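J.: pasting the sequence and the predicted model now:
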2 protein chains.
Amino acid sequence: MSQYVRVGIEALQGFLSAVFERRGFSAPDAGFIAETLIDADRRGIASHGMQRMAMYDHKLRHGMIDPAAQVSVVSDIKACAVLDGHSGMGQLISRDAMKLAITKAQEHGIGVVSVRDSNHFGTAGYWARMAANQGLIGVAMTNSNPLTAPTHAGLPALGSNPIAFAVGQGDDQFVYDAATSTVSLGKIEVLVKLGEPIAGDWAVDEHGAAEHDSARMMGKISASPRIGGLTPLGGSGEMNAGYKGYGLNMIVEILTGILSGGVLSWDMKGQHICHCFAAIDLEAFGGAQLIGERVAELSARLRALPSVDGHPVLVAGDKEREAAQNNEDSIPVDAATFRQLITIGERANVSVPQTWHSNQYEGPAQ
Amino acid sequence: MSQYVRVGIEALQGFLSAVFERRGFSAPDAGFIAETLIDADRRGIASHGMQRMAMYDHKLRHGMIDPAAQVSVVSDIKACAVLDGHSGMGQLISRDAMKLAITKAQEHGIGVVSVRDSNHFGTAGYWARMAANQGLIGVAMTNSNPLTAPTHAGLPALGSNPIAFAVGQGDDQFVYDAATSTVSLGKIEVLVKLGEPIAGDWAVDEHGAAEHDSARMMGKISASPRIGGLTPLGGSGEMNAGYKGYGLNMIVEILTGILSGGVLSWDMKGQHICHCFAAIDLEAFGGAQLIGERVAELSARLRALPSVDGHPVLVAGDKEREAAQNNEDSIPVDAATFRQLITIGERANVSVPQTWHSNQYEGPAQ
């Protein structure tokens, strides 16, 4: 088990903003990017928070993300649009794209915006929640590096291709955010760090056999060419309907890479990522308040179901909301990532917050 | 293994149309309903073809489906609408609803129509293909009787809640159509008929334990109150991410039962089913031809992947298209269902086609 440090959010927000400003973003944009990353850690999605700073910093320093890129409109016809991100920062492009989807939804009832040539946009759920927070249904998807092996194949031809869907407000906001692979690669990375095997039907080798060695899996999926892969949701083969997860994964590929005229996961090397955003205005369906109440009512009935195994019956978004309540002023950052942050700061000539010098390692993360 | 009969489509179309006319539908509507059911069998989806005739006939004779029902518009605002089916025939309501979604997509770029108080609408894929055949993306969903147990629960609080998505034309039409449970209840029914156990992680009992006895599972899911349930896609517990299938299932519940102001799967007794249909015009995305070509290109690359286990790598829709090619003039109907059809005909005072008297049982169905 790795140790972690509790990092105060206010100081961290200032530090990250300064780093992003140093890398070429305006102060408001830098602040916004920082906020989205801290939000992931607050909600317990550690794979998409501080742990990704090294990746963003690397890409910014090597010109793979262009901080000066301006989003351009490829087409804009009634409720639908295609945007080109010109290899800019995924979070800024996604903010523009979801704003446009929301504007279109307010005008037409629904809006769909497909995006090409973006970069990693953080959690898909952040963008779906952006619409939900304004009383709409929000949907967000992205393709990614090739990671998922289609049913009966031993090569990763498809991305992890998550789908996010959010509706409602407050403590009953429904927030679904999940890769269409059984797990995201981040879960395998965690097992590698912990030296633990893969217990579930999460990955296959190049022969289609279940892969239970986490380090070997990471080695193969990072090789050139990549071999093996994550299983689609439903697992390997057809026994537990892995072809369903494979099909859902391909739907995401169609709505992102294909509709936008962009690069497919298969052909991707960490850049030129494609997204799709949709927003649905709830006016025709009785209004945001009524729909929020009906979602809350169904959620309450589900949560009240007796548990069969001691784990409570939850609704999508519950775990992350509870984490956010526990991380209101500070977030847990694992020791290795904390040291990375200090290096990133030094490299950007941004001084680390005063309080960090007294941060104590507090033992295993939750 | 049960035996099957090959039934000629032309004669069957006439027979079914006559039965539905006798149950109160106009000749064109009766013909359309018959066509949708034969289409399911042609495409190898036996669970949704002739096998369902007994259910439809029962509901029509007992007033649970109203052949005279007229669809009414609950709300119609820009690209979105809610329709009320007034307990009419699901296929006729769905045809109206998808037509409206397509019209809205042609006007606004995209259309979304949520429907309440309908009945079983056959395969979800039929409705998604209706839009794809006209050069749009088609999406269709429905809630259902309560069949799926949420993660960590031992009661079926949610429906099988399938999602269908179709795009493209001809031999490369992508057609995804799948329950968000690991399997549909139809697959368990088939095992019961065959006297075979449940091999996969498809069902749980009321204690959340894996249920491998197909007959016992059917008994419990049909009891009053129902207990146990199908697992959500991803299986029981959290090991293989069953909470993802559970979340997808709930998204369908939100877009159908909740958006339409209708009845939730949980509260359903085979009636008042709710659907959701969407259509996306492809003009803003480069047009139907270009998108069809890009989908076909990705599909061809996927199909060309080497198989790891002797089963070819397929794309959603391939299996059903191949079956349709094999069933151009006739469909296989299992012996028990064939006898049901004859009973249904006698009861409706519709004479069975001349050719049926010479039909020979041809051994186990594919």
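T.: That came through fine.
J.: going by C-alpha atoms from here, please, whenever you check contacts or count neighbours.
T.: Fine.
J.: relative to helix B:90-108, how tilted is the helix or strand containing residue A:95?
T.: Secondary structure from DSSP states H and E places residue A:95 in helix A:90-108. With axes from the mean of the first three to the mean of the last three C-alpha atoms, to 10 degrees as the criterion, the two stretches helix A:90-108 and helix B:90-108 enclose an angle of 110 degrees.
J.: run me through the strand neighbours of the next helix or strand after helix A:90-108, direction for each.
T.: Sequence-wise, the next helix or strand beyond helix A:90-108 is strand A:110-118, with elements assigned using DSSP H and E. Counting by DSSP bridges, the strands paired with strand A:110-118 are strand A:80-84 (parallel), strand A:273-281 (antiparallel).
J.: picking that back up, which other helices and strands does the helix holding residue A:95 contact?
T.: helix A:27-42, strand A:110-118, helix A:124-132, strand A:273-281 (3 or more C-alpha pairs under 8 Å, 6 or more residues apart in numbering or on different chains; DSSP states H and E).
J.: about what we covered before: and the strands paired with strand A:110-118, which is most packed in?
T.: Comparing these by mean neighbour count (mean count of other C-alpha atoms under 10 Å in any protein chain shown), strand A:273-281 comes out on top with a mean of 30.
J.: what angle sits between that one and helix A:124-132?
T.: Here strand A:273-281 points in a direction 30 degrees away from that of helix A:124-132 (the same axes, to 10 degrees).
J.: now the residue positioned nearest the centre of chain A: how far from chain B?
T.: Relative to the mean C-alpha position of chain A, the nearest C-alpha, by C-alpha atoms, centre = their mean, is the one of residue A:123, at 2.3 Å. As defined by C-alpha to the nearest C-alpha, to the nearest Å, residue A:123 lies at a distance of 16 Å from chain B.
J.: contact partners for that residue?
T.: If you count contacts by C-alpha atoms under 8 Å, 6 or more residues apart in numbering or on different chains, residue A:123 has them with A:40, A:48, A:177.
J.: which elements pack onto the helix or strand that the last one is a member of?
T.: Right, residue A:177. Secondary structure here is read from DSSP H and E; on that basis residue A:177 sits in strand A:174-178. Using 3+ C-alpha pairs under 8 Å, 6+ apart as the contact test, the elements touching strand A:174-178 are helix A:124-132, strand A:163-167, helix B:242-253.
J.: same thing but at 10 Å, please
T.: Strand A:174-178 makes packing contacts with helix A:124-132, strand A:136-142, strand A:163-167, helix A:288-303, helix A:318-326, helix B:242-253 when contacts are defined by 3 or more C-alpha pairs under 10 Å, 6 or more residues apart in numbering or on different chains; DSSP states H and E.
J.: okay, these, which one's buried deepest?
T.: For the helices and strands packed on strand A:174-178, the stretch with the most neighbours on average is strand A:136-142, a mean of 30; neighbours defined as mean count of other C-alpha under 10 Å.
J.: what's the local residue count around the closest residue to residue A:292 other than its chain neighbours?
T.: With sequence-adjacent residues excluded and distances taken as C-alpha to C-alpha, 6 or more residues apart in numbering or on different chains, residue A:292 is closest to residue A:168, at 4.4 Å. The burial count assigned to residue A:168 is 27, neighbours taken as other C-alpha atoms under 10 Å in any protein chain shown.
J.: how about the contacts made by residue A:168?
T.: Contacts here follow C-alpha atoms under 10 Å, 6 or more residues apart in numbering or on different chains; on that basis residue A:168 touches A:129, A:131-138, A:174-175, A:288-296.
J.: how near is it to residue A:79?
T.: In this view, residue A:168 and residue A:79 are 22 Å apart by C-alpha to C-alpha, to the nearest Å.
J.: contacting residues around residue A:256?
T.: Each residue near residue A:256 by C-alpha under 10 Å, 6+ apart is listed here: A:82, A:113-116, A:140-144, A:161, A:250, A:262-265, A:273-277.
J.: if we go to 7 Å?
T.: Each residue near residue A:256 by C-alpha atoms under 7 Å, 6 or more residues apart in numbering or on different chains is listed here: A:114, A:115, A:142, A:143, A:274, A:275, A:276.
J.: wasn't it part of a helix?
T.: Yes: counting by DSSP: H, G, I helix; E, B strand; the rest coil, residue A:256 is found in a helix.
J.: how far away is it from chain B?
T.: Applying C-alpha to the nearest C-alpha, one obtains 11 Å for the distance of residue A:256 from chain B.
J.: again, but for residue A:291
T.: Computed as C-alpha to the nearest C-alpha, the residue A:291 to chain B distance reads 7 Å.
J.: ditto for residue A:20
T.: Taking C-alpha to the nearest C-alpha, one finds residue A:20 at 33 Å from chain B.
J.: excluding covalently adjacent residues, which one is nearest to that residue?
T.: When the adjacent residues along the chain are set aside, residue A:20 lies closest to residue A:30, with 5.1 Å between them (C-alpha to C-alpha, 6+ apart).
J.: is it true that that neighbour touches residue A:17?
T.: Yes: contact between residue A:30 and residue A:17 holds when scored by C-alpha atoms under 7 Å: they sit 4.8 Å apart.
J.: now do stretch A:187-204: everything it contacts.
T.: Applying C-alpha under 7 Å, 6+ apart, the set of residues contacting stretch A:187-204 is A:1, A:154, A:182-183, A:210-215, A:228-231, A:235-236, B:239-240.
J.: just the buried ones among those residues, please.
T.: A:154, A:182-183, A:210-215, A:228-231, A:235-236, B:240 (16 or more other C-alpha atoms under 10 Å in any protein chain shown).
J.: which SS class is residue A:76?
T.: Using three-state DSSP, the structure places residue A:76 in strand.
J.: what's near enough to touch it?
T.: Residue A:76 neighbours (C-alpha under 7 Å, 6+ apart): A:82, B:284.
J.: possible to save the strands paired with strand A:110-118 as a markdown table with mean pLDDT?
T.: Supplementary listing: the strands paired with strand A:110-118 in a markdown table, determined by pLDDT from 0 to 100:
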| stretch | mean pLDDT |
| --- | --- |
| strand A:80-84 | 98 |
| strand A:273-281 | 98 |
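J.: got the ones you listed as CSV, with distance to residue A:104 columns?
T.: As requested, the strands paired with strand A:110-118 are exported to CSV (distance: least, C-alpha to C-alpha, whole Å):
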stretch, distance to residue A:104
strand A:80-84, 8
strand A:273-281, 8
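J.: what about the residue in chain A positioned nearest to chain B, neighbour count?
T.: The nearest approach of chain A to chain B comes at residue A:234, 4.6 Å away (C-alpha to the nearest C-alpha). Other residues within reach of residue A:234 by the criterion other C-alpha under 10 Å amount to 32.
J.: so it is in which element?
T.: Element membership for residue A:234, per DSSP H and E: none, as it lies in no helix or strand.
J.: was I right about it contacting residue A:241?
T.: Yes: at 5.1 Å, residue A:234 counts as touching residue A:241 under the criterion of C-alpha under 7 Å.
J.: list residues touching both of these two?
T.: In contact with both residue A:234 and residue A:241: no residue, using C-alpha under 7 Å, 6+ apart.
J.: sketch out the low-pLDDT regions of the stretch 1-150 of chain A for me.
T.: Within the stretch 1-150 of chain A, the set of residues satisfying pLDDT under 70 comprises A:1-2.
J.: now with 90?
T.: A:1-4, A:46-47 (pLDDT under 90).
J.: contact residues of it facing chain B?
T.: The stretch 1-150 of chain A comes close to chain B at residues A:75, A:76, A:77, A:78, A:79, A:80, A:81, A:82, A:108, A:109, A:110, as judged by C-alpha under 7 Å from any C-alpha of the partner chain.
J.: for these, could you give me JSON lines that also reports distance to residue A:318?
T.: As requested, the residues of the stretch 1-150 of chain A next to chain B are arranged in JSON lines below (distance: C-alpha to C-alpha, whole Å):
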{"residue": "A:75", "distance to residue A:318": "37"}
{"residue": "A:76", "distance to residue A:318": "36"}
{"residue": "A:77", "distance to residue A:318": "37"}
{"residue": "A:78", "distance to residue A:318": "36"}
{"residue": "A:79", "distance to residue A:318": "32"}
{"residue": "A:80", "distance to residue A:318": "32"}
{"residue": "A:81", "distance to residue A:318": "32"}
{"residue": "A:82", "distance to residue A:318": "33"}
{"residue": "A:108", "distance to residue A:318": "31"}
{"residue": "A:109", "distance to residue A:318": "28"}
{"residue": "A:110", "distance to residue A:318": "27"}
